[in-house]
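Novice: Task: produce atomic coordinates for the following.
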Amino acid sequence: MQPLDFPSYPFRLKSSEKGLQIFDIIRKKFVLLQPEEWVRQHVVHFLIQTKQYPKSLINVEKQLVVNHLKKRYDIVVFQPNGSIDLLVECKAPEVTIDQASFDQIARYNLQLQSNYLMVTNGLNHYYCKMDIDCEKYKFLKEIPDFSR
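Specialist: Prediction:
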């Protein structure tokens, strides 16, 4: 797979009849290694190993309903009190991050009410702090480390 703009992490890979698979330490199972999954797994390890977020507060690929449509978010990080601290949208490396990417995560966040947003294709990362009351976001250089 393509090198990404993240530190190097120790991934568990295996071949199967379905193709190459990567072990997801959050879902505790092997999943098919597609380009977007490669990015998602890097983000999970980045959050845990670099930003020090506890594994127990991270959720991957869960369903939510937006405007009566079933959607799936990539990664959510909860605060210890159960509210959502960070919502992450992962794209494959060949996907350009554009306004549509931000519109997608903003629609999801209307439902989830996260404090921070991250949009990444593994090569370019965008971080935002939400002002939910004003329905605006402010771009940041990085998301904060876990410190609670």
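
Novice: Let me see the contact set for the closest residue to residue 38 other than its chain neighbours.
Specialist: Distance criterion CB to CB, 6 or more residues apart in numbering; nearest residue to residue 38, sequence neighbours excluded, is residue 1 at 4.8 Å. Just so you know, the C-beta spots here come from the backbone N, C-alpha and C atoms, and that holds for glycine as well. Contacts here follow CB atoms under 8 Å, 6 or more residues apart in numbering; on that basis residue 1 touches 33, 35, 38.

Novice: Kindly recompute the last result at 10 Å.
Specialist: 11, 13, 20, 22, 33-35, 37-39, 41-42, 93, 122 (CB atoms under 10 Å, 6 or more residues apart in numbering).

Novice: Which ones among the residues you listed map onto helices?
Specialist: Among the contacts of residue 1, DSSP state H puts 35, 37-39, 41-42 in helices.

Novice: thinking again about what came up before, which among the contacts of residue 1 count as buried?
Specialist: Among those, those classed as buried by 16 or more other CB atoms under 10 Å are 22, 33, 35, 37-39, 41-42, 93, 122.

Novice: that older thread, any chance of the contacts of residue 1 in JSON lines, with pLDDT and distance to residue 83 too?
Specialist: Below are these laid out as JSON lines (pLDDT from 0 to 100; distance: CB to CB, whole Å):
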{"residue": "11", "pLDDT": "95", "distance to residue 83": "30"}
{"residue": "13", "pLDDT": "96", "distance to residue 83": "35"}
{"residue": "20", "pLDDT": "96", "distance to residue 83": "36"}
{"residue": "22", "pLDDT": "96", "distance to residue 83": "29"}
{"residue": "33", "pLDDT": "96", "distance to residue 83": "32"}
{"residue": "34", "pLDDT": "95", "distance to residue 83": "31"}
{"residue": "35", "pLDDT": "96", "distance to residue 83": "31"}
{"residue": "37", "pLDDT": "95", "distance to residue 83": "27"}
{"residue": "38", "pLDDT": "97", "distance to residue 83": "29"}
{"residue": "39", "pLDDT": "96", "distance to residue 83": "25"}
{"residue": "41", "pLDDT": "96", "distance to residue 83": "25"}
{"residue": "42", "pLDDT": "97", "distance to residue 83": "25"}
{"residue": "93", "pLDDT": "96", "distance to residue 83": "31"}
{"residue": "122", "pLDDT": "96", "distance to residue 83": "27"}
